[in-house]
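J.: give me a 3D structure for the following:
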Amino acid sequence: MSWVIVIAGLIMLVILHELGHFAAAKAVGMRVERFSLFFPPLLVRKQIGETEYAIGALPLGGYVKISGMSPAEDLPDEVRTRAYYAQPPWKRIIVIAAGPFMNIVIAFVVLFIFFGAIGPLASTDKISDVQKGYPALGVLHSGDKLVAVDGKRGTAQQLSAQIATHKCAVQPPVKGCRATTPVKVTVQRGGRLETFSITPIYDPAVQKVRLGFGFADKHDPDGFAKAPSSAASNFWYVTKQTASLPARIINPEKRKQISGIVGVSDVAHKTVATDPGLALYLLAVVSLSLAIVNLFPFLPLDGGHIFWAVVEMVRRRPVPYNVMERAGVVGFMLVILLFVIGFTNDVSRLTNGGFQTR
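T.: Below is the predicted model:
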């Protein structure tokens, strides 16, 4: 069922993106020949007025076919005046920008709802799990409420920090070395307070001593009064991270962080299965990321069409189509490169333990 929800979410983003192009094209008087979900070969088609509505066999996105997207396209006289390249640049910019704009609006609305009604995950003071191979196993239990550490109370983060104040005798510490002093842990269990002395061990993965337990998480909504601020802050963060994608391609270390459709789908599937609330946040991130990537200024992306329309406005005359074709080849190669990097990283992660959602 979680895969069905993921696929439905991605289809919704594609439909709304293309609906933006479609509605804008209709609004400025362009002739829309086809509105298609997925790519040919077409499985279903229905002609309504001058527009054909279709569903393709290849689930790789969708498209809106507007008459005259190529200046060399041979069109009848009654159609030519409503063709894409017969329109002034500002109309073309509106039509092309409408797709990413829809994704941007979706992202902000979903973020607003997420922070207002659901909220990000925050650690509670209850123990969720105890790890094998660590001192807390058999002493602390899932469901215990952590009250104090070494007699000190505080938040989950403060209590974790207090545990980490205990040090190994060996310096620098090595994996598994025991702290010189035990931690006094007070928990509430079955309505009673119980205190245990447990000696933590060093974990090089986090570079501190640990008892080996995790805190349970719960969603902490901001409320709708604070939601616009939280949504805007996360909106800007995701935008910056996505916009830095070309720079990350050049950096060997950051290049490894890039995920493709396989990684996004796998993380989305796991998130939907384990935390539907967090899946709503992921939907917003994917929608915004798609919008920003689509606005990169090279063909065949939407940003490439906008870029050349702006160039035409500045030059005050059309850009030769062969120039845009050559630029389109470069842009297409960059898109393929990004796809290959993302796919390669996805395969590497899947063969080395999979994707982590937490």
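J.: only C-alpha atoms from now on, for both contacts and neighbour counts.
T.: Noted.
J.: looking at this structure, which helix or strand does the model trust least?
T.: helix 261-274 (a mean of 54; mean pLDDT, DSSP states H and E).
J.: what about whatever helix or strand comes next after it, distance to the chain center?
T.: Going down the chain from helix 261-274, the next helix or strand is helix 276-294, by DSSP states H and E. For helix 276-294, the gap between its own C-alpha mean and the chain's C-alpha mean amounts to 4 Å (Cα atoms, centre = their mean, to the nearest Å).
J.: mind saving the C-alpha coords of whatever helix or strand comes next after helix 276-294 as CSV?
T.: Next in sequence after helix 276-294, counting helices and strands by DSSP H and E, comes helix 302-315. Provided in CSV are the C-alpha atoms of helix 302-315 (Å, rounded to 0.1, in the frame of the first residue of the first chain):
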residue,chain,number,x,y,z
ASP,A,302,11.6,24.8,-18.2
GLY,A,303,14.4,27.1,-17.0
GLY,A,304,16.1,26.8,-20.4
HIS,A,305,13.0,27.9,-22.3
ILE,A,306,12.6,30.9,-19.9
PHE,A,307,16.3,31.8,-20.3
TRP,A,308,16.1,31.9,-24.1
ALA,A,309,12.8,33.9,-24.0
VAL,A,310,14.6,36.4,-21.8
VAL,A,311,17.5,36.5,-24.2
GLU,A,312,15.0,37.3,-27.0
MET,A,313,13.5,40.1,-25.0
VAL,A,314,16.9,41.6,-24.4
ARG,A,315,18.0,41.2,-28.1
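J.: show me what helix 302-315 is packed up against.
T.: Judged by 3 or more Cα pairs under 8 Å, 6 or more residues apart in numbering; DSSP states H and E, helix 302-315 is in contact with helix 89-113.
J.: just want the angle from the helix it packs on to helix 302-315.
T.: 140 degrees (axes from the mean of the first three to the mean of the last three Cα atoms, to 10 degrees).
J.: list the buried ones in helix 89-113?
T.: 89, 91-104, 106-108, 110-113 (16 or more other Cα atoms under 10 Å).
J.: for it, what is the average pLDDT?
T.: Averaging pLDDT along helix 89-113 gives 95.
J.: taking helix 276-294 as reference, get the angle to the following helix or strand past that helix.
T.: Next in sequence after helix 89-113, counting helices and strands by DSSP H and E, comes strand 121-130. Relative orientation of strand 121-130 versus helix 276-294 (the same axes, to 10 degrees): 120 degrees.
J.: hmm, who's touching strand 121-130?
T.: With contacts defined as Cα atoms under 8 Å, 6 or more residues apart in numbering, strand 121-130 is touched by 136-137, 140-147, 155-156, 212-220.
J.: where does the prediction get shaky in this protein?
T.: 1-4, 60, 247-274, 338-358 (pLDDT under 70).
J.: try 80
T.: 1-10, 59-61, 70-73, 77-78, 123, 244-278, 321, 325, 327-328, 330-358 (pLDDT under 80).
J.: show me where it has its strands.
T.: 32-48, 51-66, 121-130, 145-149, 183-189, 192-198, 201-203, 208-210, 213-219 (DSSP state E).
J.: let's see the third one as CSV, backbone CA atoms only.
T.: Taking Å, rounded to 0.1, in the frame of the first residue of the first chain, the C-alpha atoms of strand 121-130 are listed here in CSV:
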residue,chain,number,x,y,z
LEU,A,121,9.8,14.9,15.1
ALA,A,122,11.0,15.7,18.6
SER,A,123,12.6,13.4,21.2
THR,A,124,10.5,12.5,24.2
ASP,A,125,11.8,11.3,27.6
LYS,A,126,10.6,7.8,27.0
ILE,A,127,13.0,5.0,26.0
SER,A,128,12.0,3.4,22.6
ASP,A,129,14.6,0.7,22.2
VAL,A,130,17.7,-0.8,23.8
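J.: buried ones in that strand?
T.: Quick answer for strand 121-130 (16+ other Cα under 10 Å): 123, 124, 125, 126, 127, 128, 129, 130.
J.: also the longest one?
T.: Buried residues in strand 32-48, defined by neighbour count with 16+ other Cα under 10 Å: 32, 33, 34, 35, 36, 37, 38, 39.
J.: before we move on, what about stretch 48-66?
T.: For stretch 48-66, the neighbour count (16+ other Cα under 10 Å) marks 51, 52, 53, 54, 55, 56, 61, 62, 63, 64, 65, 66 as buried.
J.: for stretch 7-24, same thing?
T.: Judged by neighbour count (16+ other Cα under 10 Å), stretch 7-24 contains these buried residues: 9, 11, 13-22, 24.
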